[in-house]
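A.B. asks: Here is the input, now give the coordinates:
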Amino acid sequence: MKVTIVGAGNVGATCADVISYRGIASEVVLLDIKEGFAEGKAMDISQCATTTGFNTRLVGSTNDYTKTAGSDVVVITSGIPRKPGMTREELIGINAGIVKGVAENVLKHSPNAIIVVVSNPMDTMTYLTLKATGLPKNRIIGMGGALDSSRFKYYLSKALNKPSNDVDGMVIGGHGDTTMIPLTRLASYCGTPVSTYLSQEEMDKVAADTMVGGATLTGLLGTSAWYAPGASVAYLVDSILNDQRKMIPCSVFLEGEYGQEDICMGVPCIIGKNGIESIVDIKLNDAEKALFAKSADAVRAMNGDLKSVLV
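C.D. replies: The predicted structure follows:
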């Protein structure tokens with residue numbers, strides 16, 4: 001199985017690294033516009049093979065899309081990362097043109113590929129990719145919910161003082177600091193509601209910390225995070241290539257689901273060999289429905305800025 005990752009920066013390279021040492025794909029192509037950059041990253045990761053014990057073939061390419069031919073999954077991380085004080089929404093003007101061009105180029109050589117969008121603002125870039133390519137909605141997946149949910153579980157584990165892998169939780173809605181919805185009501189520790197152990201005030205703090213989780217790291221690092229985003233992409237790609245049918249919150253085109261039309265937003269999906277196998281209808285309460293509708297309004301407002309790109 002072959003995976004192409006467009007954008008060999010921190011997130012793209014981390015994704016390639018995780019896919020390689022976990023043996024998720026037999027070949028990974030890293031592509032970047034910066035001369036020699038993807039080639040260097042591919043070489044560096046490949047030199048870990050004997051010490052970490054993987055056999056994945058890595059190929060680096062400077063803007064040569066012919067090397068991506070026959071990819072089963074294409075991951076788009078292209079675009080500029082967030083800088084301190086910058087929101088994901090501010091990136092739209094710069095990244096929209098980049099993502100549209102990348103999607104069109106990869107499909108020339110891999111017409112049957114499933115596309116995973118990571119570039120921010122992620123929901124809007126997912127919507128752009130869907131509209132620009134005309135592909136069926138199951139083949140265009142926005143990654144953000146997997147990352148947001150991993151951060152949610154991290155903050156839950158800290159509040160509970162319990163291992164992250166014993167905690168379950170999900171984040172839906174838009175992949176933005178003010179639009180994501182951590183579902184604290186449904187979060188659990190070893191099958192029991194976290195409300196058994198945490199007060200409402202503690203759960204509210206977990207939700208608030210989750211929503212600014214990316215911005216917190218940007219402030220500390222001086223740029224966007226990469227370890228968790230890269231690993232989250234690999235987790236999603238693994239479920240596709242190996243038809244694992246995991247339930248993962250992803251940004252997907254909605255046609256009436258969750259009361260929304262003509263928009264890409266994070267909802268729980270079954271992820272398998274066809275990409276989005278199905279959208280899972282979890283029963284939201286009235287407060288959660290209101291938050292989802294508010295999130296949709298914000299995402300839809302950003303989508304309005306795509307008119308000039310989609311002409």
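
A.B. asks: what's the distance between Met180 and Asp262?
C.D. replies: 20 Å (Cβ to Cβ, to the nearest Å). Bear in mind the C-beta positions are built from the backbone N, C-alpha and C, glycine included.

A.B. asks: Give me the more crowded residue out of those two.
C.D. replies: Met180 (27 against 12; other Cβ atoms under 10 Å).

A.B. asks: who does the more buried one bridge with?
C.D. replies: Gly173 (DSSP bridges).

A.B. asks: Hmm, it is touching Arg151, no?
C.D. replies: No. Met180 lies out of contact with Arg151 (Cβ atoms under 8 Å); the separation is 9.4 Å.

A.B. asks: and for the two, which residues touch both?
C.D. replies: Counting by Cβ atoms under 8 Å, 6 or more residues apart in numbering, the shared contacts of Met180 and Arg151 are Val171, Thr210.

A.B. asks: Now the residue sitting nearest the centre point of the chain. Nearest residue, chain neighbours left out?
C.D. replies: Centroid-nearest residue in the chain: Met143, 1.9 Å away (criterion: Cα atoms, centre = their mean). With sequence-adjacent residues excluded and distances taken as Cβ to Cβ, 6 or more residues apart in numbering, Met143 is closest to Val118, at 5.0 Å.

A.B. asks: tally of neighbours for the one you found?
C.D. replies: Val118: 30 neighbours (other Cβ under 10 Å).

A.B. asks: So which bits of stretch 229-245 are buried?
C.D. replies: The neighbour-count check on stretch 229-245 (16 or more other Cβ atoms under 10 Å) flags 229-241 as buried.

A.B. asks: An error on my part: the question was meant for stretch 155-166.
C.D. replies: Quick answer for stretch 155-166 (16+ other Cβ under 10 Å): Tyr155, Leu156, Ser157, Ala159, Leu160.

A.B. asks: same check, this time on stretch 100-112
C.D. replies: Quick answer for stretch 100-112 (16+ other Cβ under 10 Å): Lys100, Val102, Ala103, Asn105, Val106, Leu107, His109, Ser110.

A.B. asks: now stretch 193-210
C.D. replies: Val194, Leu198, Glu202, Met203, Val206, Ala207, Asp209, Thr210.
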